[in-house]
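**Q** Here's a sequence, model it:
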Amino acid sequence: MHKVLLMLHKEKKEQLVDPRNSLNELTNTQWMVETKSVWFSRPPQRDKLKARHPATYAESDIVRLIEFFTKPGQEVLDPFLGSGSTLVACTQCGREGTGIELVEQWADVARERLDSSTTGPKQTILHGDSREVLPTLPDASFDFIVTSPPYWMILRKDLDHKVTAERKAKGLDTRYSDEENDLGNLESYDNFLEELGKVFVECRRVLKKKRYMCVVVSDFRHKSKFVAYHADITKIMESAGFNLEGITVLVQDSKNLYPYGIPYAFVSNIHHQYILVFRNNGTYKPTEAAPRGSQTPCA
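**A** Below is the predicted model:
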């Protein structure tokens, strides 16, 4: 009987949130599970509005991140909102969200998706260039930032198997926009990274001290060059004053396979993303030079 009582006491204790936990509402056991360095993405089928955007991520994965790095009622920022997945995730888990989106078409899609969702915390969509909008926001005004930045001009490349099968044949957009100030339209990869770094510097300013920012990215190929995009993102984030705290591999087993390289050379089917976890430890000096990219992978 005494042993049973001890087991019940231990089980009850495991279900409680540690009173010292100021980050989230997870028990110690739940916390430990979420720190696995590999997650398996199980996204639901994309709705018709979301499917119109050429580069999205699953709300279910973002909910996991938001619930780990915030408490209910706290404020989340996404500086590259796209179709609004971050704000949909905020609605699902009771957080207030702010998203910045350059392209009016995608801002409108995000608004439509939020209008069709259930009522919940306030979600704000700011239409404009993050390089211009972020400086208007107050210092230390967000508890968590999560985003997937543009994939340079990779979405503008000639149609391949994947684009033809998954986008063009269905009459869906294959690029972010044709706007001149869209970072996804910059021809120079170094210039692209430099401009992206300006956004990350501002993200650090508006993020509260000791809080976290997660960047969800995938590597990619440009012509014959394999670009380790996650490594370049890490470098410019560190130049912006963030500390890299860890990397989670997000496995995407449900993606289709395509015959890249067959039968001449190895070309990988990229079926994972990286969740890069950074922290604002408050040691960066704003007077430091803006970060630059470290490599030029394209001819």
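
**Q** Look through this protein and tell me its longest helix.
**A** helix 189-206 (DSSP state H).

**Q** where do the helices sit along the stretch 151-299 of the chain?
**A** For the stretch 151-299 of the chain, the helices defined by DSSP state H, counting those that start in this stretch occupy 161-166, 189-206, 229-239.

**Q** Any idea how far the longest helix of the chain is from the middle of the chain?
**A** A distance of 15 Å separates the centroid of the chain from that of helix 189-206, by CA atoms, centre = their mean, to the nearest Å.

**Q** any idea of the angle it forms with helix 229-239?
**A** 50 degrees (axes from the mean of the first three to the mean of the last three CA atoms, to 10 degrees).

**Q** tell me, which of the helices of the stretch 151-299 of the chain is the model least confident about?
**A** Lowest mean pLDDT of the helices of the stretch 151-299 of the chain: helix 161-166, a mean of 54.

**Q** buried stuff in the longest helix of the chain?
**A** 189-190, 192-206 (16 or more other CB atoms under 10 Å). Yep, even glycine has a C-beta here, placed from its N, CA and C like the rest.

**Q** Could you name the helices and strands sitting against that helix?
**A** If contacts are counted by 3 or more CB pairs under 8 Å, 6 or more residues apart in numbering; DSSP states H and E, helix 189-206 sits against helix 130-133, strand 142-147, helix 229-239.

**Q** mind running it again at 10 Å?
**A** Contacts defined by 3 or more CB pairs under 10 Å, 6 or more residues apart in numbering; DSSP states H and E place helix 189-206 against strand 75-78, helix 130-133, strand 142-147, strand 207-217, helix 229-239, strand 272-279.

**Q** between the fifth one and strand 207-217, how many degrees?
**A** Helix 229-239 and strand 207-217 meet at an angle of 170 degrees, taking the same axes, to 10 degrees as the criterion.

**Q** distance between helix 229-239 and the chain's centre?
**A** For helix 229-239, the separation from the chain centroid amounts to 14 Å (computed by CA atoms, centre = their mean).

**Q** by how many degrees do that helix and strand 272-279 diverge?
**A** Using the same axes, to 10 degrees: helix 229-239 against strand 272-279 is 10 degrees.

**Q** Please state the backbone phi and psi of Arg99?
**A** Heads up, residue 99 is Gly, not Arg. phi -130, psi 140 (degrees, to the nearest 10).

**Q** Same check on Arg64?
**A** Given degrees, to the nearest 10, the pair of backbone angles that Arg64 has is phi -60, psi -40.

**Q** So it sits against Pro43, correct?
**A** No - using CB atoms under 10 Å, Arg64 makes no contact with Pro43, being 11.7 Å away.

**Q** Residues that sit against both of these two, list them.
**A** In terms of CB atoms under 10 Å, 6 or more residues apart in numbering, Arg64 and Pro43 are both contacted by the residues Ala58.

**Q** neighbour-wise, which of those two wins?
**A** Arg64 (19 against 14; other CB atoms under 10 Å).

**Q** mind listing what Pro135 touches?
**A** Lys198, Val201, Glu202, Arg205, Val206.

**Q** Got the confidence number for Arg156?
**A** In this model, Arg156 carries a pLDDT of 55.

**Q** now Pro149
**A** So, for Pro149, pLDDT stands at 95.

**Q** roughly how far apart are it and Leu77?
**A** Pro149 sits 13 Å away from Leu77, going by CB to CB, to the nearest Å.

**Q** ok, the two, which is more surrounded?
**A** Taking other CB under 10 Å, Pro149 and Leu77 do not tie; Leu77 has more neighbours (27 against 21).

**Q** Might one say that that one is in contact with Cys214?
**A** No - judged on CB under 10 Å, Leu77 makes no contact with Cys214 at a distance of 11.3 Å.

**Q** Run through the strands of the stretch 1-150 of the chain in chain order.
**A** Under the criterion DSSP state E, counting those that start in this stretch, the stretch 1-150 of the chain carries strands at the ranges 38-40, 75-78, 96-101, 123-127, 142-147.

**Q** list the buried ones in the first one?
**A** Across strand 38-40, burial judged by 16+ other CB under 10 Å covers Trp39.

**Q** Which neighbouring elements make contact with that strand?
**A** Under the contact definition 3+ CB pairs under 10 Å, 6+ apart, strand 38-40 sits against helix 59-69, strand 243-251, strand 272-279.
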